[in-house]
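Student: need a structure here:
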Amino acid sequence: MGQFTLLVVVNVCVGALVGLERTTVPLIGTDVFGLTSDLAVFSFIIAFGVTKALTNLAVGPLTARFSRRQLLLAGWLIGIPVPFALAWAPSWGWIVAANVLLGLNQGLTWSMTVNMKIDLVGPERRGLATGLNEAAGYTAVGATALLTGYLATEYGLRPAPELIGVVFVAAGLVLSLAVRDTAAHVALELAQHRKPLPSGQHTSMAATFARTSWRDRSLRGASQAGLVNNLNDGLTWGVFPLLFTEHGLGLAAVGLIKGLYPILWGIGQIPTGHLADRVGRKPLIVYGMLVQAAGFLLALALLDRPLLAGLLSAVALGIGTAMVYPALIASVSDHAHPAWRVGALGTYRFWRDTGYAVGALVAGILADTLGLNATVIAAAVLTAASGLMAARWITEHPAR
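Tutor: Purely as a prediction, here's the structure:
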């Protein structure tokens, strides 16, 4: 229990570090560096998403060579330069480079905290375990977005809002030194697993990637839903600060909107993770995607009252994402044998976090050509379609 709690606290630091960017960085691009293309502004999210996705994919092979604890510590060491680069970057290219490091940091630290928690608990409590992990991380994302919005209002876009990241990196690194590796728990689960690895079911990275990405219907359904879910996050990350400042909101109000979304997303995963263990994964995934789609429509329907529109949209997006997030991770864990579960989760997280880059890329192209409103409508349609595909493809695992 002590190690589980410690890992929850570590993930607070993980989420807080990425929360530094939610309110200020798109506005740094336009106001500090004078970027006029939305696609150029969103390039930092593309860099972050691609790097984090590839790091997630590499986690499976890396855990065959290094312990989870070693990878967790490596992630924190890589993250040390990030707050300094964001605070004093002399050009936009430095911001993009900082997000490459941030993607590596998040891919290693977040992957290890969630995998180590899954190692520590049994199959019956995976939903709750992943809910607690993601709740800790995304509540910290939201709280930091709120704090950076306030600091930016009081002290400017840089450097004060970004330098609080130094505290998060230092705390995460120190706490991770006290974490014990979970290899023994994995070995015990493998020894006690009711079903042996099916004959002909290979555990190589290539085989696991193919199985998780398209060959297994349920894993395919989870992977596409995860991608679209984080596409939404990447899109709102770039679009919402620009959309709502265009309609007259200040930094503090934008920070409130950007903070409320991940706070609800985070806190909501505690009950939804537990609910996924009781009623199944699929209902939460399907209805959660539809609630997110409604959140985008709310943002536009009430845009003549931008603060109300932003808050209601944030509530729907936060609740919808809270329904989806732990259920998807638990569903992937259900359908993956312990012998290749880390690889399956890494593949799922690859597709999920590719959504950041895809969302920023799609948002940038649509915003430059059709405007921000059309970008939000496209996100609503895509999210609803993803929910329907999840309903068709995902099945409940009988052993859950």
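Student: so what pLDDT did residue 196 get?
Tutor: Model confidence at residue 196, given as pLDDT, is 61.
Student: scratch that, residue 135
Tutor: On the pLDDT scale, residue 135 is placed at 84.
Student: do the same with residue 32
Tutor: The predicted local confidence for residue 32 is 95.
Student: Now do the same contact list for it.
Tutor: Contacts for residue 32 (CB atoms under 8 Å, 6 or more residues apart in numbering) come out as 157-158. The way it works is simple: take the backbone N, C-alpha and C, and place the C-beta from them, glycine included.
Student: Would you mind measuring from it to residue 25?
Tutor: Residue 32 sits 10 Å away from residue 25, taking CB to CB, to the nearest Å as the criterion.
Student: For residue 5, pull up the helix or strand it's in.
Tutor: Using DSSP states H and E, residue 5 maps to helix 2-19.
Student: Residues contacting the helix or strand just after that helix, please?
Tutor: Past helix 2-19, further along toward the C-terminus, the next helix or strand under DSSP H and E is helix 21-27. With contacts defined as CB under 8 Å, 6+ apart, helix 21-27 is touched by 41-42, 44, 86, 95, 99, 102, 141-142, 144-145, 148-149, 152, 157-158, 161-162, 237-238, 241-242, 245, 251, 254-255, 258-259, 262.
Student: what mean pLDDT does helix 21-27 have?
Tutor: Mean predicted lDDT for helix 21-27 stands at 91.
Student: residue ranges of the helices in the stretch 151-300 of the chain, please?
Tutor: Along the stretch 151-300 of the chain, counting by DSSP state H, counting those that start in this stretch, helices occupy 160-163, 165-177, 183-192, 205-210, 217-246, 251-279, 282-301.
Student: Can you spell out which helices and strands pack onto the helix holding residue 5?
Tutor: Contacts defined by 3 or more CB pairs under 8 Å, 6 or more residues apart in numbering; DSSP states H and E place helix 2-19 against helix 92-120, helix 126-155, helix 165-177, helix 251-279.
Student: Packing partners of the last one?
Tutor: With contacts defined as 3+ CB pairs under 8 Å, 6+ apart, the secondary structure elements packing on helix 251-279 are helix 2-19, helix 21-27, helix 126-155, helix 217-246, helix 282-301, helix 306-335.
Student: Go through that helix and flag the buried ones.
Tutor: Within helix 251-279, the residues that count as buried by 16 or more other CB atoms under 10 Å are 251, 253-270, 272-277.
Student: Please apply the same query to the longest one.
Tutor: Within helix 126-155, the residues that qualify as buried by neighbour count (16+ other CB under 10 Å) are 126-153.
Student: again with the first one
Tutor: Neighbour-count burial for helix 92-120 flags 92, 95-120 (criterion: 16+ other CB under 10 Å).
Student: before we move on, the earlier item: mean pLDDT lowest for which of the helices and strands packed on helix 251-279?
Tutor: Among the helices and strands packed on helix 251-279, helix 126-155 scores lowest, with a mean of 87.
Student: Which secondary structure elements does that one sit against?
Tutor: Using 3+ CB pairs under 8 Å, 6+ apart: helix 126-155 touches helix 2-19, helix 21-27, helix 92-120, helix 160-163, helix 251-279, helix 306-335.
Student: Beyond the second one, next helix or strand please.
Tutor: Right, the one you point to is helix 21-27. For helix 21-27, the following helix or strand on the C-terminal side (DSSP H and E) is helix 38-41.
Student: what about that next one, distance to the chain center?
Tutor: Remark: helix 38-41 is offset 21 Å from the chain centroid, using CA atoms, centre = their mean, to the nearest Å.
Student: Mind pulling up the pLDDT for residue 187?
Tutor: 69.
Student: ok, the nearest residue to residue 301 once chain neighbours are set aside - contacts?
Tutor: Nearest residue to residue 301 in three dimensions, chain neighbours excluded: residue 309, at 7.3 Å (CB to CB, 6 or more residues apart in numbering). The neighbourhood of residue 309, defined by CB under 8 Å, 6+ apart, consists of 244, 298-303.
Student: Could you pick out the buried ones from the residues you listed?
Tutor: Neighbour counting by 16+ other CB under 10 Å classes 244, 298-300, 302-303 among the contacts of residue 309 as buried.
Student: how about the residues you listed, which pair is most distant?
Tutor: Largest separation among the buried ones among the contacts of residue 309 by CB to CB: 244 and 298, giving 13.1 Å.
Student: if we can go back for a sec, nearest approach to residue 322 belongs to which of the helices of the stretch 151-300 of the chain?
Tutor: Per CB to CB, nearest to residue 322 of the helices of the stretch 151-300 of the chain: helix 251-279, 2.8 Å.
Student: Pull the distance from the closest one to the chain's centre.
Tutor: Once both centres are worked out by CA atoms, centre = their mean, helix 251-279 turns out to sit 12 Å from its chain's centre.
Student: quick check: angle from it to helix 306-335?
Tutor: With axes from the mean of the first three to the mean of the last three CA atoms, to 10 degrees applied, the angle from helix 251-279 to helix 306-335 works out at 30 degrees.
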